[in-house]
Structures are given as structure tokens and as C-alpha cells.
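Visitor: predicted model follows, preceded by the sequence.
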Amino acid sequence: MENLTRGERMVRIFVFLLAHYNNRYSVTEIMHNMDIPEGELRNVQRDMLALIDIPGGYIERHTEYGKIYYQANVPKADKLVFPEFSDTLLHLVFLKRIANIYPASASLVTDLTVQISGNLPKKSQDTLSQLSSALNNRILFMGSAPGVDEDSTKNLYTILRAIREHRKVQVQYTDNWGNVTDKPRVPLMVVVHQGDIYIGCVSQSHPGSTYALKLCRIKSAKLTREQFVENPKDVESLRTRIRSGALLLGEQSPKSEDVSILFKKQIWNTLKERPYHPSMHIEERKNDLRVTMNVEVNDMLKQWVMFFGNIATVEKPQKLRNMILETAKQLVQKYE
């Protein structure tokens, strides 16, 4: 990890612990997972002391057999999946944006951003201010018009309240074919994926099956009085599908596979800017790039590869090669 200021380290450590809220980590484990040099040990120890001193007890310290561990203690933080930003300041902008719409973490984000912003150098504070101005109303809604932003924010607030209170939501939703449905939904999680926001739900007609609604397609969301009992297995199912890249077009019980794809070097920046999956790794070779990741092989992955046309060549698995070949044959038959 590049040299960071104290504030930058703190926000990255906090986001790491929040994203892995189920686990406890020692300082050494935190440094290993975040590629922080060993020489920063004392600085990280001081960072952890500062984080646990923030009023509210958002980071807890545990002692087991004489060893100290740290863990996030944010009620309902498991309902929000944070995107993987490489830029520390974007993490901070995203956290500040959540403070405006996510009641369960508003006080946490306010306290944290005030503390960390004060530790940033003047240049970074100026950049943060510029980013906040440019992205505050866009980071969640992909630059949609303000009217849409306002409606989306209102619907998201209703859904987050439903998640917190375990209440069903009456949702008017436009599907892929333009049909509008109006029925109660059981929301479990908010998911940020490829710049879009989705609501992870569990089916009422097929218990145990999970699916996602795209936030911008929700016409209205009204809180109902009917409560639901949350099944931890359904929440874990959503997380598994998210981790494997199977939430939108994949299986209910996805199996991840090792995928390897060769790209021409001209696509380097595009791949870095919009990675398909957090596990994606780009290896620069003499004449090309090799992209590897561990994901479910499904139609969404096939569409992503085919988007690049002849710039991409799948090495493995054969299953993905066959899927692309079959679609290519259909296209030839359609257009020849």
C-alpha cells in the first residue's frame, strides 16, 4: 500500500472492518489483509486506539488469551454492501453520502468523517470538498436528473426502514419487458453493483430463492404493517450470490470457477476502471493482458466478455468458450 496519511489509513481500516463485520482481526492481520508495511505497526496501533475512542463504540476491542482483536460494531451494517473503491477519498465521499440517506449509520458516519477529515492534509481536504460537490448527488444514482434522484432517495429510505424494522414493502416495479407489477416485497439488503443500486429480496412464492430489484426501476415503495421473520440463510444466500457475481443472472446456489481471459493491451485502463468482479486480477504480459478471477460462469459474464468483441479471448473454462460460440453462431444465422 502506498504511503498514506493517518486519516487515509483510518478510513481504509474502518471500511475494511465494516465490510468484514462478522470477523475479528488483530493489528497484524489487518496490516496483512491491507498490505500495510510492517514498519507502520505503531502507526496502525495508534489508528486503532483512535477508532475505538470515537464516541458510539463503532469499533470494538476484544481480548482472547492475551491477544487483542478488533471488530466493527455497527447495527444493521450487514444490510449494506460497500463498493470496492481504490481511492480513499471516494470511500469518504461514499460514507458521507450514506449519512444523508441511511438512518442506521448517520451518527457513525458524521462522527467518523469529521474525525478523519480533520486528519487529512490541506490538499486532500480541498480534493475531498471538490469530490463531495461533484458526486454527492450522483455517486448512488449514476448522474440521473435531480428529480429522479429525489424519488430514488425517498424509495431507498423507505426500503432501508423496512429492512431495519423487518416490514414488507408494497413496490411498484418496472421489469425488463416494461411491465409494471405492484406487490409486496421482502427486502433484505442494499447492493451496489457496477455503479447501480439494487435491492436484494427473498421470494415469498419460492421460499429461499433470492432476487434483485434495480432501484431506479422502482416507481414507488410504501411501507406496510405486515412484518416478516428474517432467515439468516437468506441473507447469506444473497451474500454468496454477490461474492460469486451471480446476483442478477446467476443460479440460486452458484459455484464459482477460475476464469482466464486474454485481452489486447489497448483495453488496460477500461479494465482497471470497471472491473467485473473484486477478485479480478490483471497481469501484463509481453503482447497482451491476462485477466483472471473466480466467479460463476453465467450469461452475465458471457455478455461482459462479448462486449469487448475480438479484443477478448477466453482461455478457460471451456464452458464459457462454448457459451460464447453458441451465441456467435446464433448471431451469424440471424445476420448472414
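Guide: Good, I have the coordinates.
Visitor: quick one, helices of the chain?
Guide: Here the chain has its helices, by DSSP state H, at 6-19, 27-33, 41-53, 88-101, 106-119, 122-135, 146-165, 232-243, 268-273, 299-307, 318-335.
Visitor: what's the burial count for E64?
Guide: Using other C-beta atoms under 10 Å, E64 has 9 neighbouring residues. From N, CA and C alone the C-beta is placed, and that goes for glycine too.
Visitor: ok, it to R241 distance?
Guide: E64 sits 32 Å away from R241, going by C-beta to C-beta, to the nearest Å.
Visitor: apart from its chain neighbours, what residue comes closest to N23?
Guide: Of all residues not flanking N23 in the chain, Q71 sits nearest, at 6.9 Å (C-beta to C-beta, 6 or more residues apart in numbering).
Visitor: what does M323 give?
Guide: Computed as C-beta to C-beta, 6+ apart, the closest residue to M323 that is not its neighbour in sequence is K302, at 4.8 Å.
Visitor: wait, the one you found sits on L325?
Guide: No - using C-beta atoms under 8 Å, K302 is not in contact with L325, being 10.3 Å away.
Visitor: between these two, which is the more surrounded one?
Guide: Neighbour tally, K302 and L325, criterion other C-beta under 10 Å: the higher count belongs to K302, 20 against 12.
Visitor: that one: what's it in contact with?
Guide: Applying C-beta atoms under 8 Å, 6 or more residues apart in numbering, we find K302 in contact with L320, M323, I324, T327.
Visitor: buried among those? Make that a ChimeraX selection.
Guide: Here is the ChimeraX command that selects only those of the contacts of K302 that count as buried (16 or more other C-beta atoms under 10 Å):
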select :320,323,324
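Visitor: measure the nearest residue to R290 once chain neighbours are set aside to S260 for me?
Guide: Using C-beta to C-beta, 6+ apart and skipping the chain neighbours, the partner closest in space to R290 is E283 (4.4 Å). Distance of E283 to S260, given as C-beta to C-beta: 10 Å.
Visitor: please pull out the lowest mean pLDDT helix or strand from the chain.
Guide: Of all helical and strand segments in the chain, the minimum by mean pLDDT, DSSP states H and E falls on strand 80-81, at a mean of 45.
Visitor: where does pLDDT dip in the chain?
Guide: Filtered on pLDDT under 70, the chain yields the residue ranges 1-8, 19, 54-56, 74-153, 192-196, 243-251.
Visitor: ok, Q172 to D182 distance?
Guide: 5 Å.
Visitor: what are the boundaries of the strands in the stretch 151-300 of the chain?
Guide: 167-174, 180-185, 187-193, 196-202, 210-214, 218-227, 256-263, 281-284, 289-296 (DSSP state E, counting those that start in this stretch).
Visitor: out of those, nearest to N155?
Guide: Of all these, strand 218-227 sits nearest to N155, with 4.3 Å by C-beta to C-beta.
Visitor: pairing partners for the closest one, with directions?
Guide: Under the criterion DSSP bridges, strand 218-227 sits next to strand 167-174 (antiparallel) in its sheet.
Visitor: between the partner strand and strand 180-185, how many degrees?
Guide: Calculated by axes from the mean of the first three to the mean of the last three C-alpha atoms, to 10 degrees, strand 167-174 forms an angle of 170 degrees with strand 180-185.
Visitor: what sits up against strand 167-174?
Guide: By C-beta under 8 Å, 6+ apart, strand 167-174 touches 158-159, 161-162, 180-187, 213, 217-228.
Visitor: could you give the angle of it to strand 210-214?
Guide: 60 degrees.
Visitor: picking that back up, distance of the residue nearest to M323 relative to I218?
Guide: Relative to I218, K302 is positioned 27 Å away (C-beta to C-beta).
Visitor: then F14?
Guide: Counting by C-beta to C-beta, the gap from F14 to I218 is 30 Å.
Visitor: what does I199 give?
Guide: 8 Å.
Visitor: have a look at the two and say which one is more surrounded.
Guide: Set I199 next to I218 and count neighbours by other C-beta under 10 Å: I199 wins out with 26 against 23.
Visitor: right, and the more buried one touches C216 too?
Guide: No - here I199 does not reach C216: they are 10.9 Å apart, not a contact under C-beta under 8 Å.
Visitor: in TSV, list the strands of the stretch 151-300 of the chain along with distance to N23.
Guide: Listed next are those as TSV, based on distance: least, C-beta to C-beta, whole Å:
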stretch	distance to N23
strand 167-174	29
strand 180-185	30
strand 187-193	18
strand 196-202	21
strand 210-214	23
strand 218-227	30
strand 256-263	20
strand 281-284	23
strand 289-296	20
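Visitor: T313: which of the ones you listed is closest?
Guide: Across these, closest to T313 is strand 256-263 (C-beta to C-beta), at 4.6 Å.
Visitor: can I get the closest one as CSV, trimmed to CA atoms?
Guide: Presented in CSV, the C-alpha positions along strand 256-263 are these (Å, rounded to 0.1, in the frame of the first residue of the first chain):
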residue,chain,number,x,y,z
SER,A,256,-17.5,-20.2,-8.7
GLU,A,257,-14.9,-21.2,-11.2
ASP,A,258,-11.4,-20.0,-12.2
VAL,A,259,-11.8,-17.8,-15.3
SER,A,260,-8.9,-16.7,-17.5
ILE,A,261,-9.3,-14.2,-20.4
LEU,A,262,-6.7,-12.6,-22.7
PHE,A,263,-7.2,-9.0,-23.8
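Visitor: thanks a lot, see you next time.
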